[in-house]
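Engineer: sequence first, predicted model second:
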2 protein chains.
Amino acid sequence: MNPVIDLLKKHRSIRKFSDKEIADEVLDQILEAGQWAATSNNLQAYSVIKIRNQDKKDELARLSGGQQHVRDCQVFLVFCADMSRIHLSSRMHEVPAHLDTVEPLLVAVVDTALMAQNVMVAAESCGIGGTYIGGIRNQIREVSDLLKLPDYVFPVFGMVLGYPDEQQIPAQKPRLPREAVVHEEAYQADRQPKAIESYDRVMKAYYEERTGGETSTTWSEYVSRIYREPRRVHLRGFLEEKKFGFK
Amino acid sequence: MNPVIDLLKKHRSIRKFSDKEIADEVLDQILEAGQWAATSNNLQAYSVIKIRNQDKKDELARLSGGQQHVRDCQVFLVFCADMSRIHLSSRMHEVPAHLDTVEPLLVAVVDTALMAQNVMVAAESCGIGGTYIGGIRNQIREVSDLLKLPDYVFPVFGMVLGYPDEQQIPAQKPRLPREAVVHEEAYQADRQPKAIESYDRVMKAYYEERTGGETSTTWSEYVSRIYREPRRVHLRGFLEEKKFGFK
């Protein structure tokens, strides 16, 4: 189609990095590109914490379940939902700020994710690679304390960035068939069982090839494990402490 | 920097469209680019409803607070958080699926937003423009019924797409100073009041220029109005009906 779409279609998670450093000026351009993402009502309800300090990366790796690539990356970014500027603005103008309902929570999370995806795309356009780190929600209180996050701010995910080790670039993971996720005019629920079945075959072959036949999970089997137990149930209480809410 | 970053930095919300149609093949490439966005644990917890039918666009415009550009766009996309395939997979493998806590809600919303931002960037790379429509959450039950969304699926936002009317391309809205949203090693709360003050001046000038002096709001004043009253408080109940939750 065009070079931008080609770039988007080439995405893969990079977890093995070369020693090449990310220059500050390059990172600044990437983060500026992030800021140009759309934002609901111009709230810009996000903040990014940029971490280069090795001790801090080590600590964040530990808090994210021991992920080696958090230690090894050139830069670790923590993307936070941030309603603190909105709260401050409301105080400046002496009006109430009802930030403890579901809507502002969704808005802040969406704003943060749109911004982060621009950062990922901009980074990839510079030959940098990375992956999102949901693991920072494992011990979200400790991460939040380490980064001195104030009220109305919480970490949604991290992102490791670095120039890829060209010898260890992983294969692309196939995606669900388009007809499973794109629907015409209304949701087509009857398509889903067949789409899952077909994707199961694709992913089984993918896992077998990657592990030399050792692993042969299907997609449905793999994803069925993720919420078998309730996951990260501390989130609700933590978000309430940070003055978000679910009203 | 490079053409991709240049494209990201040129983003603006497009609400006025030409008559030029978006070809199906172009839209398909754009949606495929969306699917290549990163996804948490390969859940791909999203669906997109593609709407070209004029009656449906009219109805969705009405349900979104009468937004003319929802009527006028070439294609209206509704981006849904979708845990239904995960639920189905869990049933196939006869394991429980704990989808009523905050974590899967966040995961599905983030997955949806990352995918949508790839769609926006891919569209813009083809000369198409658009804007996100949070207004579909105004009457989210009606939108959901219209699109026949099943359990474990809810609409997060819409997106209007079309080729811009070149005579009516809006100015870019300035963003918060970088130092307000990008922090080094830890959150710098003390920077925020000064950053808001400086951005207030920028946005006041922007509104004055755009309205020939008629409107002269500051940013802090503008955003302080948004949550003065609790917003879209029906969301909590609706999400629970759709089997999401806040445990």
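Structural biologist: Cool, the structure landed.

Engineer: tell me where the longest strand sits in chain A.
Structural biologist: strand A:153-162 (DSSP state E).

Engineer: do the very next helix or strand once past that strand and chain B come into contact?
Structural biologist: Using DSSP states H and E, the helix or strand that directly follows strand A:153-162 along the chain is helix A:178-181. Yes: applying Cβ under 8 Å from any Cβ of the partner chain, one finds helix A:178-181 in contact with chain B at A:178, A:180, A:181. Every C-beta, even on glycine, is put in place using the N, C-alpha and C of the backbone.

Engineer: near the second one, how many other residues are there?
Structural biologist: So the one you mean is residue A:180. Residue A:180: 22 surrounding residues under other Cβ atoms under 10 Å in any protein chain shown.

Engineer: ok, the closest residue to it other than its chain neighbours - contacts?
Structural biologist: Computed as Cβ to Cβ, 6 or more residues apart in numbering or on different chains, the closest residue to residue A:180 that is not its neighbour in sequence is residue A:195, at 3.5 Å. Residue A:195 makes contacts with A:176, A:177, A:179, A:180, B:85, as judged by Cβ atoms under 8 Å, 6 or more residues apart in numbering or on different chains.

Engineer: tell me the strands beside the longest strand of chain A, with direction?
Structural biologist: Neighbouring strands of strand A:153-162 in its sheet, by DSSP bridges, are strand A:75-82 (antiparallel), strand A:129-133 (antiparallel).

Engineer: following the first one, which helix or strand comes up?
Structural biologist: Per DSSP H and E, strand A:75-82 leads on to helix A:84-92 as the next helix or strand towards the C-terminus.

Engineer: does the next helix-or-strand element following that next one reach chain B?
Structural biologist: Per DSSP H and E, the first helix or strand lying C-terminal to helix A:84-92 is helix A:102-125. Yes: Helix A:102-125 reaches chain B (Cβ under 8 Å from any Cβ) through A:102-104, A:106-107, A:109-110, A:113-114, A:116-118, A:120-122, A:124-125.

Engineer: element containing residue A:25?
Structural biologist: Here residue A:25, judged by DSSP H and E, is contained in helix A:24-35.

Engineer: tell me what that helix is packed against?
Structural biologist: strand A:46-51, helix A:102-125, helix B:3-9, helix B:178-181 (3 or more Cβ pairs under 8 Å, 6 or more residues apart in numbering or on different chains; DSSP states H and E).

Engineer: give me the distance between the nearest residue to residue A:165 once chain neighbours are set aside and residue A:57.
Structural biologist: Leaving out its chain neighbours, the residue that sits closest to residue A:165 by Cβ to Cβ, 6+ apart is residue A:16, at 4.2 Å. Distance of residue A:16 to residue A:57, computed by Cβ to Cβ, to the nearest Å: 15 Å.

Engineer: now do residue A:204
Structural biologist: 36 Å.

Engineer: between the two, tell me which one has more neighbours.
Structural biologist: Between residue A:204 and residue A:57, residue A:57 has the larger neighbour count (other Cβ under 10 Å), namely 20 against 17.

Engineer: what's the angle between whichever strand or helix holds the more buried one and strand A:153-162?
Structural biologist: Secondary structure from DSSP H and E places residue A:57 in helix A:54-63. Interaxial angle, helix A:54-63 versus strand A:153-162 (axes from the mean of the first three to the mean of the last three Cα atoms, to 10 degrees): 110 degrees.

Engineer: show me what helix A:54-63 packs onto, helices and strands only.
Structural biologist: helix A:68-72, strand A:75-82, helix A:140-146.

Engineer: which other helices and strands does the shortest one contact?
Structural biologist: Other helices and strands packing on helix A:68-72, by 3+ Cβ pairs under 8 Å, 6+ apart, are helix A:54-63, strand A:153-162.

Engineer: mind redoing it with 7 Å?
Structural biologist: On a contact count with 3 or more Cβ pairs under 7 Å, 6 or more residues apart in numbering or on different chains; DSSP states H and E, helix A:68-72 meets helix A:54-63.
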